[in-house]
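In: What follows is a protein structure lacking sequence information:
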């Protein structure tokens, strides 16, 4: 078994599902994939984000917003523990096709990344 991070992106201009739609989507996802799920969370909108970088002098520079100009932002993630990347792809495809407002599939972009093992000891 391997762990994969399923990153869920949202178009900033698109209407986001609210209330009962989100709850129904979450319940449906849990019914279908709960055994593989190891964690996940929805994230606040990017206007609440900050980015931190170290400059050449070793000082931290804090800026508002996400690190890249984009029409899409990271809206949340799932961590799944599955037997193959193909299974992670199947789960991500279901997330992408989740119904939004009016029941129309959102077709949102999903990024899949394998989770590395333990971090280096010097961190």
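Out: Thanks, I have it. Remember, predicted model here, so these are calculated numbers, not experimental data.
In: The closest residue in space to residue 94 that isn't next to it in sequence: which element?
Out: What sits nearest to residue 94 in space, not counting adjacent residues and going by CB to CB, 6 or more residues apart in numbering, is residue 32, at 6.8 Å. Bear in mind the C-beta positions are built from the backbone N, C-alpha and C, glycine included. Per DSSP states H and E, residue 32 falls inside helix 19-33.
In: if we can go back for a sec, determine the number of other residues adjacent to the residue nearest to residue 94.
Out: Neighbourhood size, residue 32 [other CB atoms under 10 Å]: 13.
In: Wait, it touches residue 97, no?
Out: No: Residue 32 lies out of contact with residue 97 (CB atoms under 8 Å); the separation is 11.9 Å.
In: residue ranges of the strands in this protein, please?
Out: 2-11, 37-42, 50-54, 60-64, 72-82, 110-114 (DSSP state E).
In: Of all those, which one is nearest residue 93?
Out: Ranking those by proximity to residue 93 (CB to CB) places strand 110-114 first, at 7.6 Å.
In: Run me through the strand neighbours of the closest one, direction for each.
Out: Strand 110-114 pairs in its sheet with strand 2-11 (antiparallel), by DSSP bridges.
In: Just the buried residues of the strand it pairs with, please?
Out: Judged by neighbour count (16 or more other CB atoms under 10 Å), strand 2-11 contains these buried residues: 3-11.
In: And the contacts of it?
Out: 16, 38, 40, 71-85, 88, 91-92, 95, 108-115 (CB atoms under 8 Å, 6 or more residues apart in numbering).
In: Mind giving me the PyMOL select for the residues you listed, buried ones only?
Out: Typed into PyMOL, the next command selects the buried ones out of the contacts of strand 2-11 (criterion: 16+ other CB under 10 Å):
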select buried, resi 16+40+72+73+75+77+78+80+81+82+88+91+92+95+108+110
